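**Q** Have a look at this prediction, sequence included:
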Amino acid sequence: MEALRRLDAFQRRHHWLGMPLGVLYKFADDQGLFLAALIAYYGFVSLFPLLLLLVSALAVLLQNDPALQEQVLNSALRKFPVLGDQLRENIHSLRGNGVALTVGVLGSLYGGLGVAQAVQHALNKIWGVPRHARPNPLHSRVRGLMFIGLLAVGLFVTSGVLATASFDEVFGLRVGSILRLVAVLAVIVVNAALLVLTVRILTRAQVTLRYVWVPALGGACAWQLLQWGGTYYVRNYVSGAGATYGMFAIVLGLLAWLYLGALVFVLTVETAAVHSHRLWPRSLLTPFTDDVRLSHADRRAYRSYAMAESFKGFQKVTVEFHTEPFPGTNTTDGPPAVDGTGPPDDPARPDAG
């Protein structure tokens, strides 16, 4: 126990250790793995219809330049390396089909709104927004449409940048490795901006930009590495595989890739929330036992979790922390610490009744 006490004191004194531990503990408290799984599921459902809608829009906007249309499409599909050639072949076969376009629009809206709802739920939970303050079902879907539009614009911009960098010449200038590197850096900045805008649009809480930008840049870099990793997976494990094995490799690889991307997103937002709400340093043993002295960050975290579960604006929630780990043990730390505004006989109080 002495060793654990020293380790706890050390991580509380050092930001480089206490901050990541605070993010990890809040990620566990918010059931981050479940939130990422929910986002990945709806992402899987909506992926193909969204790409079908993208190709249909490209066919209209770039109908006078088939070469540029092909280049932008290939750049967009490279963002989904696990599905690669199969998506390209099926999407091309649906061009000019009015029924397919209608199905694509309706499917993309349904799947996209599912992703938007899952992302909104995750963001509001992470930022501790009370249930009564969250958007109603109609308003949340309006925000979801804004989110879909934001994703579409971001996909067009990043695909256009990558398509331009893949040309041999641009405006008469030969494209070299330096320009391609600049294009990758530009895509990372755009993705970071998209993440910041997503947090601002879909979160009901007041989010300060200075706490979000740095985690967003880190998340965008991780997303870029994930795309390169997906490309490596396809080239080394999917290409040349048999039909049956290749199908399972594609589906399972795509699910894993989407899940890892959702994890990157959730961890990025958790980092911003922990930094913004100063939810560190946490006590080292809080996830494992009640026999622990809570830090100020622990109290802020547990208080926010309770407040986030209030369903009505007139509902009062009181959070109480006893200084003794278990009832009946001796303590010299004084009376219990109480946070909240409910009167002594308020049913919302833990000690009422």
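**A** Structure's in. What do you need?
**Q** what comes up buried for the lengthiest helix in the chain?
**A** Identified as the longest helix of the chain according to DSSP state H is helix 243-277. Buried residues in helix 243-277, counting neighbours by 16 or more other CB atoms under 10 Å, are found at 249-250, 253-255, 257-277. Where you see a C-beta, it was placed from the backbone N, CA and C, and this is true even at glycine.
**Q** And the next helix or strand past that helix?
**A** Next helix or strand after helix 243-277 toward the C-terminus (DSSP states H and E): helix 296-308.
**Q** If you count contacts, what does that next one end up packed against?
**A** Here helix 296-308 touches helix 15-29, helix 243-277, strand 319-321, strand 337-339, going by 3 or more CB pairs under 8 Å, 6 or more residues apart in numbering; DSSP states H and E.
**Q** Show residues contacting it.
**A** 22, 25-26, 29, 124-125, 128-131, 277-283, 286, 294, 317, 319, 321, 337, 339 (CB atoms under 8 Å, 6 or more residues apart in numbering).
**Q** what about 7 Å?
**A** Residues from elsewhere that reach helix 296-308, judged by CB atoms under 7 Å, 6 or more residues apart in numbering: 22, 26, 29, 125, 128-130, 277-283, 286, 317, 319, 321, 339.
**Q** What subset of these is buried?
**A** 22, 26, 29, 125, 128-130, 277, 279-283, 286, 317, 319.
**Q** out of those residues, who's nearest residue 212?
**A** The nearest member of the buried ones among the contacts of helix 296-308 to residue 212, counting by CB to CB, is residue 277 at 12.5 Å.
**Q** Please name the nearest non-neighbouring residue to the closest one.
**A** For residue 277, ignoring the flanking residues on the chain, the nearest one in space by CB to CB, 6 or more residues apart in numbering is residue 300 at 6.4 Å.
**Q** ok, back up a step: could you say what helices and strands the longest helix of the chain packs with?
**A** Helix 243-277 sits against helix 15-29, helix 32-61, helix 98-126, helix 213-233, with contacts defined as 3 or more CB pairs under 7 Å, 6 or more residues apart in numbering; DSSP states H and E.
**Q** worst average pLDDT in the helices and strands packed on helix 296-308?
**A** With a mean of 46, strand 337-339 has the lowest mean pLDDT of the helices and strands packed on helix 296-308.
**Q** mind exporting stretch 148-160 as CSV, just the C-alpha atoms?
**A** Provided in CSV are the C-alpha atoms of stretch 148-160 (Å, rounded to 0.1, in the frame of the first residue of the first chain):
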residue,chain,number,x,y,z
ILE,A,148,-24.1,15.4,-42.6
GLY,A,149,-23.6,18.5,-44.6
LEU,A,150,-20.4,19.3,-42.7
LEU,A,151,-19.1,15.8,-43.4
ALA,A,152,-20.0,16.1,-47.1
VAL,A,153,-18.2,19.4,-47.4
GLY,A,154,-15.2,18.0,-45.6
LEU,A,155,-15.1,14.9,-47.8
PHE,A,156,-15.2,17.1,-51.0
VAL,A,157,-12.5,19.4,-49.7
THR,A,158,-10.0,16.7,-48.6
SER,A,159,-10.7,14.6,-51.7
GLY,A,160,-10.0,17.6,-53.9
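**Q** Just the buried residues of that stretch, please?
**A** 148, 150-152, 154-159.
**Q** Equivalent analysis for stretch 302-312, please.
**A** 302-304, 306-308, 310.
**Q** Nearest to residue 110 among the residues you listed?
**A** Among the buried residues of stretch 302-312, and counting by CB to CB, the member closest to residue 110 is residue 308, at 28.0 Å.
**Q** For residue 198, see how far away the closest one is.
**A** Distance of residue 308 to residue 198, computed by CB to CB, to the nearest Å: 20 Å.
**Q** What is the burial count for residue 289?
**A** Using other CB atoms under 10 Å, residue 289 has 9 neighbouring residues.
**Q** what's the answer for residue 294, then?
**A** 19.
**Q** Could you number the chain from 177 rather than 1 from now on?
**A** With the count now opening at 177, the last piece we talked about shows up as residue 470.
**Q** contacting residues for it?
**A** 459, 462, 497.
**Q** So which of the buried residues of stretch 324-336 is the closest to residue 390?
**A** residue 330 (19.6 Å).
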